[in-house]
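**Student:** give me coordinates for this.
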Amino acid sequence: MTRLKRTAAAVLALLCTSPLSTAMGTDSTVIPTHDFIQPSEFHNVQLSPDGRYIATLAPRPGMPYENMLVMIDTASGKPLSSLRANSRNEILQYLWVNDHRLVLAMATRQGSLEQPTYTGELMAIDADGSHDMYLFGWGGDVGASSDHIQHGAIGRAAYASLLPSAPTDDDRYLLVQTQPFTDKRSGNVPSIERLDVVNGESRRILGGPAPDVWMTLDHTGEPRAATGGGYTHPRLWTRDASGEWALRNDAKTSHEEIRPIGFNRDNSLLYVRVTHARGPDSIELMDLHSGERTLLYRGEFADPGHLLPTADGKDFYGVITGDGVPTMHFFDPHRIEAQIIDALVGSFPGQLVRPTSFTRDGRLAIVDVSSDRNPGDYYLFDLEKKQARYLFSQRRWLSPKRMRPMQPIAVTARDGVVLHGFLTEPNGKGPFPMVVLPHGGPHGQADAWTFDEETQLLASRGYAVLQINYRGSGGYGAQFEQLGYRQWGLAMQDDVTDATRWAVREGHADASRVCIYGGSYGGYAALEGAIREPELYRCAIGYAGVYDLRIQLDKSDTQLTDQGLDYLHDVLGDDRADLLKRSPIAGVDRLKADLLLIHGGMDKRAPYANFAEFTSALDRQGKHYESLTEAHEGHGFFLPEHRLAMYDKLLDFLNRNIGQPSQADKTVATP
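**Tutor:** Numbering: from 1, shown residues only. Reported below is the predicted structural model:
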């Protein structure tokens, strides 16, 4: 059955008749909750190599399970066609293979789970919607096969991944990384395959050096670097063209991680990201023969962001910085790409200007302009004419003028560790009622200066929002992340407490009106915070939260692989009595805050047993709480109607607890 359907009418309806909401009205109008959770009209915008087409992913109006790949004529700006997934699929990403053909990576709904999950399936289709082909995946028809050739119509129990480093100079073939499905904790060794994007045939090129590694190709298509082998101690392998894999770095013994990013123009040097004993990561150039490395960029306190590829994709010209408000650091400020950005920055003060794709000849570029208040605007930039033409916005119904700025902050924790984060305040004069919003993850994740619809929704309702990157967060070097290992409920929680007290002490927050809310690990931190600091938080909200650390070791999907189990033991520990002691379920008797608990019945990351056992403990203690569950949702709600119901309940809960000056009898501790 064809997974994609073509309909120009849907494109026209999306681009030409989609109504604007009341958010564009007067400043006194309350922006509806729906406007904040409504998905972006456009994202992942790319030019075809010849510049004839602009492609973008867009939601299909009224169909929560479906999205579309929309084709637009570059010259006229008119929509040409759309390619939409069916009701059980979603297009996750795509890649131009040549001037007219694209390969798409798909996600599929599993059983009754609402949110589609990536299944490693690939499809191909022409820009005009013709010649669609199922290339790779378990959904192909059963048929004959050989050890070397696989046809697109033959089902394969394997994943395929699109490689950002794969060259697209060949009109018919694309290199992809594949890996067989497995129940083995140790995983399987992946391969690089040469995939025919017309008929789906594939041929194995080379296997990786170890299970579950990620390979990087040079500009000729040779796999030359691979990394993986463990969450905390990844290894790096390299090889010469046609040579054997050789272990180049083992983080366990060298005490530094080296992760490959891509090759320079002549394939002699490898761009790598390097961790250090102290401080943030750096971007360096590594000579594959001598092993010598040259420093290109290292921030003051934050890790670097994404590298910026040149127009022809053969090199990198800069990196997005991570210190507070992001900017661009150019390795060579004289390159044309750097000059483009410099020319545009003056027209968009306070915003990040980033080219997302170029034509093959480098004449045209798609430029994304975004900020903490702007979800993103797309422009077509003509390098010869030095002109930018506005294309469209991600969320045109949200006016940046009505959004609130994210202010970078630095807070010194009680033991002297410097924490970085962001404070978003509503209109008016403080102190404000405040929502403390610890991020999920927790390790390797971080809050960053960007448009965040949840933060803006809360700020629009009069709440200050505090987002602190507690120790254990990513983005501030390996040492900072490792400071959080086995500190769940201990120093990590103290960091959130110290940041909250800082906000009160500095006059940003009303001490009697503070609520803590988070999802996943953030849900754990919200409930653990309410238990450890019962006088500090008036209410707590847990969304898909972890409330018993033992459940994570025993039942979460993280523990199904060797790497996942190693991660849990590294960051949580093995002492089950200690795990219970640091779990919210063990501190129910100390709770004073009003509670709201939200969970999906099919959550595999923070299993529903967390919610079931925690609410049972609350019931036994006679503690009052409110709850919202959805039987077929997973780790976070996916369906728009479920998300809208969740935020409506959350906002009502906040309003009743901290929305008005508190007249409560409870004593609030002086920070």
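**Student:** next one: phi and psi at residue 645?
**Tutor:** Dihedral pair for residue 645: phi -60, psi -40, per degrees, to the nearest 10.
**Student:** from residue 316, how far out is it?
**Tutor:** Between residue 645 and residue 316 the distance, using C-beta to C-beta, to the nearest Å, works out to 44 Å. Where you see a C-beta, it was placed from the backbone N, CA and C, and this is true even at glycine.
**Student:** which one of those two has more residues nearby?
**Tutor:** Taking neighbours as other C-beta atoms under 10 Å, residue 645 and residue 316 compare with residue 316 leading, 24 against 16.
**Student:** thought that one was touching residue 306?
**Tutor:** No: distance between residue 316 and residue 306: 9.7 Å, which falls outside the contact criterion (C-beta atoms under 8 Å).
**Student:** gap between the helix or strand hosting residue 262 and the chain center?
**Tutor:** Here residue 262 sits within strand 258-263, counting by DSSP states H and E. Distance, stretch centre to chain centre, for strand 258-263: 20 Å (C-alpha atoms, centre = their mean, to the nearest Å).
**Student:** and the angle from the helix or strand just after it to strand 258-263?
**Tutor:** For strand 258-263, the succeeding helix or strand toward the C-terminus, using DSSP H and E, is strand 269-274. Per axes from the mean of the first three to the mean of the last three C-alpha atoms, to 10 degrees, the angle that strand 269-274 makes with strand 258-263 is 140 degrees.
**Student:** what strands line up against the strand holding residue 262, and which way round?
**Tutor:** Strand pairing for strand 258-263, determined by DSSP bridges: strand 269-274 (antiparallel).
**Student:** quick one: residues in contact with the strand it pairs with.
**Tutor:** Strand 269-274 is contacted from outside by 216, 224-225, 236, 238, 256-264, 281-288, 293, 296, 304, 307, 316, using C-beta atoms under 8 Å, 6 or more residues apart in numbering.
**Student:** what about that strand, distance to the chain center?
**Tutor:** Going by C-alpha atoms, centre = their mean, the spacing between the C-alpha centre of strand 269-274 and its chain's C-alpha centre is 22 Å.
**Student:** look up how far residue 321 lies from the residue nearest to residue 282 when sequence neighbours are not counted.
**Tutor:** Nearest in space to residue 282, with sequence neighbours left out and distances taken as C-beta to C-beta, 6 or more residues apart in numbering, is residue 298 at 3.9 Å. Separation of residue 298 from residue 321 (C-beta to C-beta) stands at 10 Å.
**Student:** now for those two: what residues contact both?
**Tutor:** Here residue 298 and residue 321 share the contacting residues residue 304, scored by C-beta under 8 Å, 6+ apart.
**Student:** SS state for the residue nearest in space to the middle of the chain?
**Tutor:** The central residue of the chain, meaning the one whose C-alpha is nearest the mean C-alpha position (C-alpha atoms, centre = their mean), is residue 445 at 8.8 Å. Going by DSSP: H, G, I helix; E, B strand; the rest coil, the secondary structure assigned to residue 445 is coil.
**Student:** give me the pLDDT value at residue 19.
**Tutor:** Residue-level confidence at residue 19 comes out at 38, pLDDT.
**Student:** now the end-to-end length of stretch 513-531.
**Tutor:** Stretch 513-531 has an end-to-end distance of 17 Å (criterion: C-alpha to C-alpha, to the nearest Å).
**Student:** need the contact list for the residue nearest to residue 282.
**Tutor:** Counting by C-beta under 8 Å, 6+ apart, residue 298 makes contact with 279-283, 304.
**Student:** how many neighbours does residue 301 have?
**Tutor:** Using other C-beta under 10 Å, residue 301 has 16 neighbouring residues.
**Student:** make residue 1 into 16 and carry on from there
**Tutor:** In the new count, where the first residue is 16, that last one comes out as residue 316.
**Student:** got a list of what it touches?
**Tutor:** Taking C-beta under 8 Å, 6+ apart, we find residue 316 in contact with 294-295, 338, 433, 435, 491.
**Student:** element containing residue 348?
**Tutor:** Secondary-structure element containing residue 348, defined by DSSP H and E: none, the residue being outside all helices and strands.
**Student:** would you mind measuring from it to residue 479?
**Tutor:** Counting by C-beta to C-beta - residue 348 and residue 479 are separated by 39 Å.
**Student:** compare the two and say which one has the larger neighbour count.
**Tutor:** Summary of the neighbour comparison: residue 348 and residue 479, criterion other C-beta under 10 Å, with residue 479 having more neighbours (25 against 13).
**Student:** hang on, isn't that one packed against residue 452?
**Tutor:** No: here residue 479 does not reach residue 452: they are 10.3 Å apart, not a contact under C-beta under 8 Å.
**Student:** residue 153 touches residue 174, doesn't it?
**Tutor:** No: Residue 153 is beyond contact range of residue 174, at 9.2 Å (criterion: C-beta under 8 Å).
**Student:** quick check: neighbours shared by these two?
**Tutor:** Contacts common to residue 153 and residue 174, judged by C-beta under 8 Å, 6+ apart, are 134-135, 196.
**Student:** quick one on the thing from earlier: give the contact list for the residue nearest to the centre of the chain.
**Tutor:** When contacts are counted by C-beta under 8 Å, 6+ apart, residue 460 is found next to 454, 488-489.
**Student:** among the residues you listed, which are located in helices?
**Tutor:** Assignment to helices by DSSP state H places none of these there.
**Student:** mind listing the helices for the stretch 16-165 of the chain?
**Tutor:** For the stretch 16-165 of the chain, the helices defined by DSSP state H, counting those that start in this stretch cover 23-31, 48-52.
**Student:** likewise for the stretch 216-365 of the chain?
**Tutor:** According to DSSP H, counting those that start in this stretch, the helices that the stretch 216-365 of the chain contains are 266-269, 351-360.
**Student:** mind checking which of those helices is nearest residue 142?
**Tutor:** Across the helices of the stretch 216-365 of the chain, the minimum distance to residue 142, taken as C-beta to C-beta, is reached by helix 351-360, at 25.4 Å.
**Student:** from what I see, residue 227 and residue 205 are in contact.
**Tutor:** Yes: between residue 227 and residue 205 a contact is recorded at 7.4 Å, counting by C-beta under 8 Å.
**Student:** who has more neighbours, those two?
**Tutor:** Just comparing residue 227 and residue 205: by other C-beta under 10 Å the higher neighbour count belongs to residue 205, 27 against 18.
**Student:** how about the more buried one, nearest residue that isn't a chain neighbour?
**Tutor:** In space, and not counting its chain neighbours, residue 205 is closest to residue 194: 4.2 Å by C-beta to C-beta, 6+ apart.
**Student:** is it true that the one you found touches residue 174?
**Tutor:** Yes: at 5.0 Å, residue 194 and residue 174 qualify as touching, with contact defined as C-beta under 8 Å.
**Student:** residue 180 reaches residue 235, doesn't it?
**Tutor:** No: if you go by C-beta under 8 Å, residue 180 and residue 235 don't touch, sitting 11.2 Å apart.
**Student:** looking at those two, which is more packed in?
**Tutor:** Neighbours were counted for residue 180 and for residue 235 using other C-beta under 10 Å; residue 180 has more, 20 against 11.
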